[in-house]
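Chemist: fold the following, please.
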Amino acid sequence: MMSDKTPSHDPRMAAFVDGLMSRMTLGEKLGQLNLVTTNIPIEQERADEIRAGRVGGMLGGLFPCSFGVNGPAGLRAVQEIAVTETRLGIPLLFGYDVIHGHQTVFPIPLGLSCSWDMRHVETAARTAAREASASGVNWVFSPMVDIGRDPRWGRIAEGSGEDPYLGSRIAEAMVHGLQGDALSDPQSVMACVKHFVAYGAPEGGRDYNNADMSPQRLYDVYLPPFQAAVAAGAASAMMSFSAVNAMPSHADADLLGKFLDGVLKVSDFDGIPEMIAHGLGDETGAIDEADPLQTLSERALRAGVQMDMMGKGYISRLEGALAAGRVTMEQVDDACRAVLETKYKLGLFADPFARFDETRVARDLKTPENRAAARAAAADCCVLLKNAGELLPLARTGTVAVIGPLADDHKNILGPWAFQGDPAEAVSVLDGIRAQGVAVTHAKGANFTEDRRMVELLNFAGTKVELDPRPPEAMVAEAVAAAAAADVVVAVLGEAAEMSGEAASRMDIGIPENQRDLLKALVATGKPVVLVTMNGRPLTLPWEAEHVPAILVSWFGGSEAGNAIADLLFGERAPCGRLTTSWPRHVGQVPLSYDRATTGRPGNPAEDPGKYTTRCYLDGSSQPLFPFGFGLGTTSFAYGPVGVDKTELGPDDRLTVSVNVTNTGRRAGAEVVQLYLTDPVASQVRPGKQLRGFEKVWLEPGQSRTVSFALTTRDLEFHDAQLRRVWEAGKFVIGVGPNSAELDSVTVRWNKG
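Modeler: Residues are numbered from 1 along each chain as shown. Below you'll find the model as predicted:
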């Protein structure tokens, strides 16, 4: 928990807010619930709304704008209107989408999660908080903690992967980094955990689509990261666009009351009016057909949504609803109080201009320290999937051919949701390799795609993808010639930034076909090829895994990605990332996760060879191409037997699990030691295994270390049919290893006493 998180019962805050609310008109109270968007400089119409007390907060535009980017002067002018030109002088909240860094761009969240390193996660969040607050922002719409198990879903890029345990640890680290030790610190910002809840489980991987699942799955898989973020002190939460089990979150009074009590609850952009398209009415199924927004604004308030982001229903409809008795003054007051208490905790009433210190722009934005942190994080999130013949690290002798549409790219390398980053300051892979002092040749080799319609979609927020007018054959021929003149080829291929992210779901999750044609031509030259992928989701790479000797997944690494990748290619740093999603062989396997429960058919080929083992898919394996937790280094590690301090335990006992890990290779490196728990017999079908611990250890050649984990009955719990958290006595299998598919195990028994 935050060390000095202000509780809602703080008598000083309560007295202040009570006094302020006693002087507010109904219109001013509703104004506090109104969250609107604008660019800076502010439009006159918006300025007049602020002066009239009809705005509680503002968020930056969805497209590149000066809001929160070019220093705090513009936002200070807006805050001065709120503080000096309104009747009560209530300051504004200023929110912005700071997803993976502000002006110093870090790896996308899915990439950062692959570091399995909470220091990187918290540093990235703290750096973003300092930079955003130096720009005048006091509220960021981050972290996104949605569990994602379908790589077709574009917004899987913004989360931490498929596992609720790891996702919870990352959620905690993000909240701590963003909010620091005190929300009132001018270098802190308010976190907004999103999207509540199960937004990452849309049917068919289609963004904004609905989800349908058992309540137990909702509670055991999708809710835990939200609970962890709230327990860590997250001060606000954003609702999901989607309906889960037939209920849009904007109207889900039950879940909001159970899991977000004491947290400022805000709609997503236009989320309340979008319930009209869901076909939702009030609690009885009725709706005002002449004005459906009236009905749904009332229902959202009753459910507990306290700020309306761009829906405009609260400010325009709730006064009439109150007069008609369809909402109560208590409900309006509760929402207004939540907004005012948030502003109090942020220190806005004590000093509304604390985050408008112009001297911080030069001191805190894009500093060498920030860039160094981004470089280290970008390197440690890269995942080495293959390294045949120890091709990596590369020697600095000879010539390196750097080829591909992403090889010298400065825009897409920042990834989606990086509107604050400056492409001119981003380091491309070509830049990074040249800085290593090696001889280099370069060719583009291919466009991102030859699909003109796709290019239009990718450039919706500004031109990031430019088509080379040459025929594809000519571009490939140029690349092959460059490869033939070199000693080794680094092919930088994958997705454009906007092929992942919001509204960016894909049916085909492989490398675009024209880029694969280029790769096949490069492999056919006979020169050793290192494939570096940039991507915001797991990709299907069966051909690449079979034919390319080395594959390094770099995600979208941000401002320093090119330097970080070059550090790994030439051995300045050791690759140590591990996958936080299962990578399918084919899109037909998804959704796919490591914790899927075992079934009677197909059988287990290890225990029952030949029986039912080919019945999953007639045309391929049901196993992932690369399992959850997988990743290679440029050294090797050996695990000793798994040890436990006891095999019979009571309900209050603590189990210590230990394993000795040795670096058996010739280079130093890091290993992520992972612990999984299996409950083989239970009152209901349980996951095949569940991550319950991990530790990242750095070992020199020949060095050994004993890694220990502690487990209690809390780690055994799950939700039963009545949604009670329970644990059941019996045998439990504890597996430890380098990934979810390679485990050495031991069995213990937990007794009820």
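
Chemist: give me the domain ranges for the protein.
Modeler: 17-361, 383-576, 635-750 (automatic domain parsing).

Chemist: which one of those lies nearest to residue 594?
Modeler: Comparing these against residue 594 with CB to CB, the closest turns out to be domain 635-750 (4.2 Å). C-beta coordinates here come from the backbone N, C-alpha and C atoms, glycine included.

Chemist: which stretches of the stretch 651-753 of the chain have low pLDDT?
Modeler: Low-confidence segments of the stretch 651-753 of the chain (pLDDT under 70): none present.

Chemist: hmm, residue 492 is touching residue 402, no?
Modeler: Yes. In this structure, residue 492 is within contact of residue 402 by CB atoms under 8 Å, at 6.9 Å.

Chemist: ok, back up a step: next, format the domains of the chain as TSV and append distance to residue 621 and mean neighbour count.
Modeler: Compiled in TSV, these are given as follows (distance: least, CB to CB, whole Å; neighbours: other CB atoms under 10 Å):
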stretch	distance to residue 621	mean neighbour count
domain 17-361	17	21
domain 383-576	10	21
domain 635-750	13	16
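
Chemist: export those to CSV and append columns for distance to residue 592.
Modeler: Below are the domains of the chain laid out as CSV (distance: least, CB to CB, whole Å):
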stretch, distance to residue 592
domain 17-361, 7
domain 383-576, 9
domain 635-750, 12
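
Chemist: nearest to residue 587, of these?
Modeler: domain 383-576 (5.4 Å).

Chemist: end to end, how far does that closest one reach?
Modeler: Length of domain 383-576, first residue to last, CA to CA, to the nearest Å: 7 Å.

Chemist: pLDDT weak spots in the protein?
Modeler: Low-confidence segments of the chain (pLDDT under 70): 1-8, 61-71, 602-615.

Chemist: and if we set it to 80?
Modeler: Along the chain, segments meeting pLDDT under 80 span 1-9, 39-40, 61-71, 600-616, 753.

Chemist: so which residues of the stretch 301-450 of the chain form helices?
Modeler: 313-323, 329-345, 359-364, 368-381, 429-434 (DSSP state H, counting those that start in this stretch).

Chemist: packing partners of the fourth one?
Modeler: Contacting helix 368-381 under the criterion 3 or more CB pairs under 8 Å, 6 or more residues apart in numbering; DSSP states H and E are the following elements: helix 109-113, helix 118-134, helix 561-569.

Chemist: then the longest one?
Modeler: Other elements packing on helix 329-345 under the criterion 3+ CB pairs under 8 Å, 6+ apart are helix 11-22, helix 26-32, strand 93-96, strand 264-266, helix 292-303, helix 313-323.

Chemist: tell me the angle of the first one relative to helix 329-345?
Modeler: Meaning helix 11-22. 130 degrees (axes from the mean of the first three to the mean of the last three CA atoms, to 10 degrees).

Chemist: with adjacent residues omitted, what lies nearest to residue 257?
Modeler: residue 304 (6.1 Å; CB to CB, 6 or more residues apart in numbering).

Chemist: thinking again about what came up before, any chance of the helices and strands packed on helix 368-381 in CSV, with distance to residue 10 too?
Modeler: Putting those into CSV (distance: least, CB to CB, whole Å) gives the following:
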stretch, distance to residue 10
helix 109-113, 33
helix 118-134, 23
helix 561-569, 44
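
Chemist: quick one: closest of those to residue 467.
Modeler: Residue 467 sits nearest to helix 561-569 of all the helices and strands packed on helix 368-381, at 22.7 Å, using CB to CB.

Chemist: centre of the chain versus that closest one, how much separation?
Modeler: 22 Å (CA atoms, centre = their mean, to the nearest Å).

Chemist: which secondary structure elements does that helix sit against?
Modeler: Using 3+ CB pairs under 8 Å, 6+ apart, helix 561-569 sits against helix 368-381, helix 429-434, strand 529-534, strand 550-553.

Chemist: identify each buried residue in the first one, please.
Modeler: Along helix 368-381, these residues count as buried under the neighbour rule (16 or more other CB atoms under 10 Å): 370-371, 373-381.

Chemist: any idea which of the residues you listed is the one closest to residue 159?
Modeler: residue 381 (13.9 Å).

Chemist: relative to residue 554, how far out is that closest one?
Modeler: 8 Å (CB to CB, to the nearest Å).

Chemist: so what sits against both of these two?
Modeler: residue 111 (CB atoms under 8 Å, 6 or more residues apart in numbering).

Chemist: identify the residue nearest residue 49 in space, chain neighbours excluded?
Modeler: Per CB to CB, 6+ apart, closest to residue 49 is residue 55, 5.2 Å.

Chemist: next: residue 653.
Modeler: Residue 653 sits nearest to residue 646 (CB to CB, 6+ apart), 7.0 Å away.

Chemist: tell me the contacts of that neighbour?
Modeler: With CB under 8 Å, 6+ apart, residue 646 has these contacts: 653, 655, 748.

Chemist: re earlier: possible to save the helices and strands packed on helix 561-569 as a markdown table with distance to residue 521?
Modeler: Shown next, in a markdown table, are the helices and strands packed on helix 561-569 (distance: least, CB to CB, whole Å):
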| stretch | distance to residue 521 |
| --- | --- |
| helix 368-381 | 29 |
| helix 429-434 | 19 |
| strand 529-534 | 10 |
| strand 550-553 | 17 |
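
Chemist: closest to residue 620 out of these?
Modeler: Nearest of the helices and strands packed on helix 561-569 (CB to CB): strand 550-553, 19.8 Å.

Chemist: partners of the closest one, with directions?
Modeler: Using DSSP bridges, strand 550-553 pairs in its sheet with strand 383-387 (antiparallel), strand 529-534 (parallel).

Chemist: so which of the helices and strands packed on helix 561-569 is nearest residue 659?
Modeler: Using CB to CB, the helices and strands packed on helix 561-569 put helix 368-381 closest to residue 659, at 22.3 Å.

Chemist: and the closest one with helix 561-569, angle?
Modeler: 50 degrees.

Chemist: contact partners of helix 368-381?
Modeler: Here helix 368-381 has contacts from 101, 104-107, 111-115, 117, 120, 123-124, 127, 131, 554-555, 557-561, 563-565, 567-568, 573, 575-577, 670, using CB under 8 Å, 6+ apart.

Chemist: from residue 89, how far off is the spatially most central residue of the chain?
Modeler: In the chain, the centroid-proximal residue (CA atoms, centre = their mean) is residue 159; its distance is 2.1 Å. Residue 159 sits 39 Å away from residue 89, going by CB to CB.

Chemist: and if you look at residue 398?
Modeler: Where residue 89 is concerned, residue 398 sits at a distance of 68 Å (CB to CB).

Chemist: got it, and residue 707?
Modeler: In terms of CB to CB, residue 707 sits 56 Å off from residue 89.

Chemist: and for residue 693?
Modeler: Distance from residue 693 to residue 89, by CB to CB: 51 Å.

Chemist: my guess is residue 591 contacts residue 147. True?
Modeler: No. Contact between residue 591 and residue 147 fails when scored by CB under 8 Å: they sit 10.8 Å apart.

Chemist: joint contacts of those two?
Modeler: By CB under 8 Å, 6+ apart, no residue touches both residue 591 and residue 147.

Chemist: picking that back up, okay, the buried residues of helix 368-381 in TSV with distance to residue 663 next?
Modeler: Below are the buried residues of helix 368-381 laid out as TSV (distance: CB to CB, whole Å):
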residue	distance to residue 663
370	32
371	30
373	26
374	28
375	24
376	21
377	23
378	24
379	19
380	17
381	21
